[in-house]
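>>> Generate coordinates for the sequence data below:
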Amino acid sequence: MAPKPFRLDDWSIVPGGKSIRPPFLSTSLHGITNYDLETVAAVILGIPGTRLLHDAKPDWWEWRARWTFDGATIDLAMTVLDPPDGRAWGGVGLSGSATPSAVVVLYNRLHQALPCAWLHNSACELHTASSFSDLASLATPAQQQ
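Take a look at the predicted model:
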């Protein structure tokens, strides 16, 4: 049986620390790795199958990209942190529907360039590719599309 698409509206990829033991609560993070917004945008757009939907004008909050892979379409929306020492990448919100394996491909490509980036859900849990796959395999029909 082919894997069912998984709804992504409750998921994002966010910066964190160097390592986690999932599920790790993002509310317990002490120290977030700061990634430059331009660098992250270049990394995302460098992933094969990704195209820019909206640039960062007038602000980075407007930046959007779309990744297509193996029948999946995932939209990525930039979020921004405003620490006292300047703006930094706050993550990318994910939307759309994809198989868990497609999400893992996207995440692994991003994580390779940004090793302190983690999958994050609406329960404030940080996940690795492996723990995301385990959790997605338990998805309820309402979470599947």
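>>> who's in contact with the longest helix along the chain?
For the chain, the helix with the greatest residue count under DSSP state H is helix 100-113. By C-beta atoms under 8 Å, 6 or more residues apart in numbering, the residues outside helix 100-113 that reach it are 3, 6, 8, 11, 13, 43-44, 46-47, 67, 69-72, 74, 94, 98, 117-119, 129, 132-133, 136-137. The way it works is simple: take the backbone N, C-alpha and C, and place the C-beta from them, glycine included.
>>> which of those residues are buried?
Buried members of these, counted by 16 or more other C-beta atoms under 10 Å: 6, 8, 11, 13, 43-44, 47, 67, 69, 72, 74, 94, 98, 117-119, 129, 132-133, 136.
>>> In strands, which of these appear?
Cross-referencing the buried ones among the contacts of helix 100-113 against strands under DSSP state E gives 6, 11, 13, 67, 69, 72, 74, 94, 98, 117-119.
>>> Which of the residues you listed scores worst on pLDDT?
Looking at these by pLDDT, the weakest one is F6, with 68.
>>> pLDDT weak spots in the protein?
Scanning the chain for pLDDT under 70 picks out 1-4, 6, 20-30, 84, 138-145.
>>> rerun that using 50 as the cut-off
Where the chain drops to pLDDT under 50, the residues are 1, 140-145.
>>> Helix, strand or coil: sort out W61 for me.
On the three-state scheme (DSSP: H, G, I helix; E, B strand; the rest coil), W61 is labelled helix.
>>> Might one say that it is in contact with V80?
Yes - judged on C-beta atoms under 8 Å, W61 makes contact with V80 at a distance of 6.0 Å.
>>> With neighbour numbers in mind, choose between the two.
V80 (15 against 12; other C-beta atoms under 10 Å).
>>> which residues touch that one?
37, 59-61, 87-90.
>>> ok, what's across the strand from it?
Going by DSSP bridges, V80 is paired in beta bridges with W89.
>>> separation between A41 and S131?
27 Å (C-beta to C-beta, to the nearest Å).
>>> same check, this time on P5
Taken as C-beta to C-beta, the span from P5 to S131 is 20 Å.
>>> and if you look at L45?
27 Å.
>>> just D55 next, same as before
Distance of D55 to S131, given as C-beta to C-beta: 33 Å.
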